[in-house]
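Asker: here is a sequence with its predicted model. Questions after.
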Amino acid sequence: MNLELKQKQFNSAMELYENRKRYKLFGRFVSIINISLQIYILSRVLTLAIGFWWQIVSVITAYVITDFINGLVHLYMDDNENYESLAGPFIANFHLHHRTPRYHDNNLLIMYFNETGSKMWLVFYLVAVAILFHLPNTNPVLLYTLTYIGILSSIAEISHYLCHNSNSAVVMFLIHIKLLLSKREHAKHHIKDNVSYTFLNGITNPLVDFIAKMFFTGYKKKTDLHYAKYSESNMPRR
């Protein structure tokens with residue numbers, strides 16, 4: 001589609017996002033729903049005993065799956081250019097993260113709340129997990145794993161934020177032991193094209209990069225060009 005038309009669609013979508021309160025209010029609503037569901041399923045799963053080693057298996061499995069799922073969502077969103085859809089303002093605002101070398105410093109709990117509001121897909125996931133707790137004979141290891149995925153999906157946003165904003169000794173240690181996203185690995189996403197989409201700890205980047213190469217064309221010659229005429233002074237504070 002014509003680049004100039006896409007840039008106009010992008011600017012119109014961002015104008016809606018910035019000037020219509022309902023979009024930011026909707027994000028807060030999504031945060032409240034997601035966090036409430038996370039608290040609910042965590043309170044339910046903690047009543048189940050699975051033993052130490054199954055906990056380790058559950059956490060490791062959840063870490064890998066969370067990194068992969070959130071990487072796929074990131075890949076899809078980076079390619080999404082449906083600015084005139086109902087979700088268009090959210091899609092446009094999402095694309096601005098590519099020109100954000102550093103986010104505004106904020107309390108991690110506030111960041112957790114704010115960024116969880118961008119994960120609309122997580123609402124449906126958490127509802128499905130909550131329903132599983134009411135079904136008979138659901139494997140408790142599965143319930144722990146699914147619960148951890150639901151919570152780690154929000155923690156992935158914190159990992160991404162710290163990757164951009166923090167050089168503290170604790171953060172660098174967590175990066176070193178592969179619990180948080182590597183700055184060097186994530187830098188590839190901003191410098192190169194169509195790579196390094198995952199952002200919990202980057203362990204599944206090779207798999208997501210393969211999918212990206214097979215089915216997607218990249219963002220630098222596509223959606224990154226759409227915000228080229230969006231005024232820097234109008235950029236939303238993240």
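Answerer: That came through fine. Residues are numbered from 1 along each chain as shown.
Asker: separation between residue 31 and residue 124?
Answerer: The spacing between residue 31 and residue 124, counted by C-beta to C-beta, to the nearest Å, is 15 Å. C-betas here are computed from N, CA, C, even on glycine.
Asker: quick one, which of those two is more surrounded?
Answerer: More crowded of residue 31 and residue 124, by other C-beta atoms under 10 Å: residue 31, with 20 against 9.
Asker: so what's the backbone phi/psi at residue 222?
Answerer: phi -130, psi -100 (degrees, to the nearest 10).
Asker: surely it meets residue 79?
Answerer: Yes: using C-beta atoms under 8 Å, residue 222 makes contact with residue 79 at a distance of 7.2 Å.
Asker: contacts only, for the closest residue in space to residue 99 that isn't next to it in sequence.
Answerer: Using C-beta to C-beta, 6 or more residues apart in numbering and skipping the chain neighbours, the partner closest in space to residue 99 is residue 227 (7.3 Å). Neighbouring residues of residue 227 by C-beta atoms under 8 Å, 6 or more residues apart in numbering: 7, 10, 14, 92, 95, 96, 99.
Asker: selecting buried members of these in ChimeraX, what would you type?
Answerer: Per 16 or more other C-beta atoms under 10 Å, the buried members of those correspond to this ChimeraX selection:
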select :7,10,14,92,95,96
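Asker: quick one: which of the contacts of residue 227 is nearest to residue 198?
Answerer: Ranked by distance to residue 198 (C-beta to C-beta), the contacts of residue 227 are led by residue 95 at 18.0 Å.
Asker: let me know the next secondary structure element after the helix or strand hosting the closest one.
Answerer: Using DSSP states H and E, residue 95 sits in helix 88-95. Counting by DSSP H and E, the next helix or strand C-terminal to helix 88-95 is helix 108-116.
Asker: where does residue 75 land in three-state SS?
Answerer: helix (DSSP: H, G, I helix; E, B strand; the rest coil).
Asker: count of residues packed around it?
Answerer: Neighbour count of residue 75, defined by other C-beta under 10 Å: 20.
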